[in-house]
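Enquirer: Coordinates for the following, if possible.
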Amino acid sequence: MQIVTSPPPEHGLIVAAVRYKSKKALWLFRGLGLLLLMVVVIGSIASSSPDVVGLLLSMLAIFGVPWLLVSRAASRCWRLFGTSGTYTIDEWGVRRHSTLTQHGYAWSALSGIDELPGQLIFTTGKAGFLPMSTAALLPGDREHILAMAAQNNVRLN
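Expert: Next up is the predicted model:
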C-alpha cells in the first residue's frame with residue numbers, strides 16, 4: 001500500500017527535529033561549559049576574586065553555543081523542508097518531492113524512525129534525517145508506516 005501525504009511545512013517541527021538529532025553534540029557543549037564553570041568557581045573561591053571572563057565563557061558554552069548551533073542548522077534545514085512537499089511511503093521506502101528537492105531513502109538505507117509530537121523522523125546513519133509532519137496523515141496511516149518499517153527491519157527509536 002502506498003501512502004501519499006502533503007503536510008504543510010512547520011518551522012517549529014524542523015527546529016524540534018534538529019534539536020532532537022543534535023542532542024549529543026549539545027550535551028557535549030553544555031558539559032564542557034559546566035566543567036569550565038566548576039573550574040571558574042573553584043578558582044574564584046581559591047583566589048578570592050571573581051573571574052568574570054571565565055564565568056561569561058562558561059555561560060556562553062552552556063547556553064549560547066547550543067542555541068547558535070540549533071538556530072543555524074534549523075535555518076539550513078528550513079531552506080530544504082520549508083517548501084511544500086509531497087511524501088510518498090511505499091514498499092520501496094520514503095520519498096519527498098518539492099519544488100526545490102527530490103530525494104528518497106530505501107528502507108535498507110534507514111537506520112530508524114524517531115517519533116516526536118506531530119512528526120516522524122526517518123534517520124539515515126548518525127546525522128542524516130528526513131522529518132515528516134503527521135498533520136496530514138489519515139487515521140491509521142501512521143501505524144501502517146511503522147508496520148512497513150518493521151517489516152523492513154527499520155526500528156522505532
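Enquirer: Let me know the next secondary structure element after the longest helix along the chain.
Expert: Among the segments of the chain that qualify as a helix by DSSP state H, the longest is helix 23-47. Helices and strands here follow DSSP states H and E; after helix 23-47, the next one along the chain is helix 52-59.
Enquirer: any idea of the angle that following helix forms with helix 23-47?
Expert: If you take axes from the mean of the first three to the mean of the last three C-alpha atoms, to 10 degrees, helix 52-59 sits at 160 degrees to helix 23-47.
Enquirer: quick one: buried residues of helix 52-59?
Expert: Residues of helix 52-59 classed as buried by neighbour count (16 or more other C-beta atoms under 10 Å): 54, 57-58. C-beta coordinates here come from the backbone N, C-alpha and C atoms, glycine included.
Enquirer: Repeat that for stretch 92-112.
Expert: 93-96, 98, 104-105, 107, 110-111.
Enquirer: Save those as JSON lines, and put in secondary structure too.
Expert: Listed next are the buried residues of stretch 92-112 as JSON lines, based on DSSP: H, G, I helix; E, B strand; the rest coil:
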{"residue": "G93", "secondary structure": "strand"}
{"residue": "V94", "secondary structure": "strand"}
{"residue": "R95", "secondary structure": "strand"}
{"residue": "R96", "secondary structure": "strand"}
{"residue": "S98", "secondary structure": "strand"}
{"residue": "G104", "secondary structure": "strand"}
{"residue": "Y105", "secondary structure": "strand"}
{"residue": "W107", "secondary structure": "helix"}
{"residue": "L110", "secondary structure": "coil"}
{"residue": "S111", "secondary structure": "coil"}
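Enquirer: In those residues, find the pair that's most separated.
Expert: By the measure C-beta to C-beta, S98 and S111 form the most distant pair in the buried residues of stretch 92-112, at 23.4 Å.
Enquirer: And for L35, the neighbour number?
Expert: Counted with other C-beta atoms under 10 Å, residues neighbouring L35 total 12.
Enquirer: Tell me, what's the model's pLDDT at it?
Expert: Reported pLDDT at L35 in the predicted model: 94.
Enquirer: what ranges of the protein fall below the confidence cut-off?
Expert: By pLDDT under 70, the chain has no low-scoring segment.
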